[in-house]
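In: make a model of this:
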Amino acid sequence: MYDTYSAKIHINNSKPIKVEHLVAFFCAIQKEYNSTVGKKYKIQIENCKPELAISEVHYGSQIYELVVISTMVMYPSLVEYTIVDYFNYFWTFLSVFINNALENLNTSRKECLTARNFSNIFLEDANLNIDISILKNKQLVKQIVIKNNDGRKIHEKAVARLQLLEAEKINAFKNNHLYFYQTRNVSSSSPGDKAIIPSISDKPKKVIFVNDTLKQKVLDADKNIYRNLYSVSGTVEYSGDNVKLYKIESIEYLRGRDE
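Out: Okay, the predicted model is just below:
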C-alpha cells in the first residue's frame, strides 16, 4: 500500500474572516504550487499536472486538510515531494519577507503579490495564527507555525516592496526565459504575438518588439518558434497588478524546449 501525504492547515481566528481574504490565501498557495511543483513534474511526466484540493474541513476553528489530486497517483515514488518539500519551500519563501529588512529584499513583483495575497488574512484579526501540519499516513512529519506578528511582517514588507517597485518604475527585466505561446483559431494572430515569461507571469501575454527587424530575425531563424526557449531583455507594462504586455529589446535562442 502506498504512503499518503497531506497538509492540515489550521487557521486559529478570533474574528470572522472575510471571504475575499480566505480565497486569496488559498489561491496564493495554489498559484505558487502550480509554478513550482506543477511545472517541475509537468516537464518530467507527460500529461501530469498535480493540483491541490481540500479533501476535508474538520470541526473546529477553520481546519482544512489539503491533498494532491493528479495523475501523480501513478507515480507514488514522487508524491512525497508534492506535499512535504513544497511546504518546506513555501515556508522558506515566506521567511524571506520575515527575516530581511525592506532595503535588502530583492523579491520580484510576482513574489510580492503572492506574499501579499497569502498574508491579507492576518490584517483584521490581531489574534489570528496559522499552523500547517504536514502528515504522512496521518502522522505528523513537519509543522510550520506562522504567528500573527510574522504574518503582518510578510504583508507589510510585500506591500512596501510593491510600492517601491511601482514608484521606481522597476519594470525592466534582463536575461529572463521566454517561450512563445501559440494562439489557435484566432484569424488575427501571427507568430510571436504572445509569450510566457515564467518569472513574471504564468499566463501568455502580448509581446511587442522594439523594431520589426528583431522579430523577423527570430522568425527567419526558425519558423516553429513555439518549440524553443529564448533569453530576453526588455520591459513590462502593467494594468493594475496584471501584466498587460512585454516589450522585447533583445532576444537570443537558448535551446529547444525538449532538450
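In: shaky segments in the protein?
Out: The model of the chain has pLDDT under 70 over residues 1, 38-49, 70-81, 167-170, 184-192, 223, 240, 257-259.
In: strands along that one, start to end?
Out: For the chain, applying DSSP state E gives strands covering 5-12, 51-58, 63-69, 129-136, 139-146, 172-181, 194-196, 205-209, 228-239, 242-256.
In: the second one - contacts with which helices or strands?
Out: The reference is to strand 51-58. Counting contacts by 3 or more Cβ pairs under 8 Å, 6 or more residues apart in numbering; DSSP states H and E, strand 51-58 packs against helix 19-33, strand 63-69. All C-beta atoms are positioned from the backbone trio N, CA, C, and that covers glycine.
In: from the chain's centroid, how far away is it?
Out: Between the centre of strand 51-58 and the centre of its chain there are 19 Å (Cα atoms, centre = their mean, to the nearest Å).
In: which of the residues in that strand are classified as buried?
Out: Within strand 51-58, the residues scored as buried using 16 or more other Cβ atoms under 10 Å are residue 52.
In: which residues touch the spatially most central residue of the chain?
Out: Note on the chain: the residue nearest the mean C-alpha position is residue 32, at 3.1 Å, using Cα atoms, centre = their mean. Residue 32 is in contact with 90, 93, 114, counting by Cβ atoms under 8 Å, 6 or more residues apart in numbering.
In: looking at the residues you listed, which are in helices?
Out: Under the assignment DSSP state H, the contacts of residue 32 contribute 90, 93, 114 to helices.
In: list just the nearest of the contacts of residue 32 to residue 201.
Out: residue 114 (11.8 Å; Cβ to Cβ).
In: neighbours of that closest one, how many?
Out: 23 (other Cβ atoms under 10 Å).
In: coming back round to it: out of the ones in helices among the contacts of residue 32, which is nearest to residue 17?
Out: Looking at those and their distance to residue 17, the nearest is residue 114, at 18.9 Å (Cβ to Cβ).
In: now the closest one: how far from residue 202?
Out: Taking Cβ to Cβ, to the nearest Å as the measure, residue 114 falls 11 Å from residue 202.
In: now for those two: what residues contact both?
Out: Common contacts of residue 114 and residue 202, defined by Cβ under 8 Å, 6+ apart, comprise residue 31.
In: can you list the neighbours in contact with stretch 156-173?
Out: Contacts for stretch 156-173 (Cβ under 8 Å, 6+ apart): 97, 100, 102, 105, 107, 109, 112-113, 115-116, 119, 197, 199-200, 232-238.
In: buried ones in that stretch?
Out: 156, 157, 158, 161, 162, 165, 171, 173.
In: name whatever forms a beta bridge with the last one.
Out: With beta bridges defined as DSSP bridges, residue 173 has these partners: residue 234.
In: if I look at it, how far off is residue 61?
Out: Residue 173 is 42 Å from residue 61, where distance means Cβ to Cβ.
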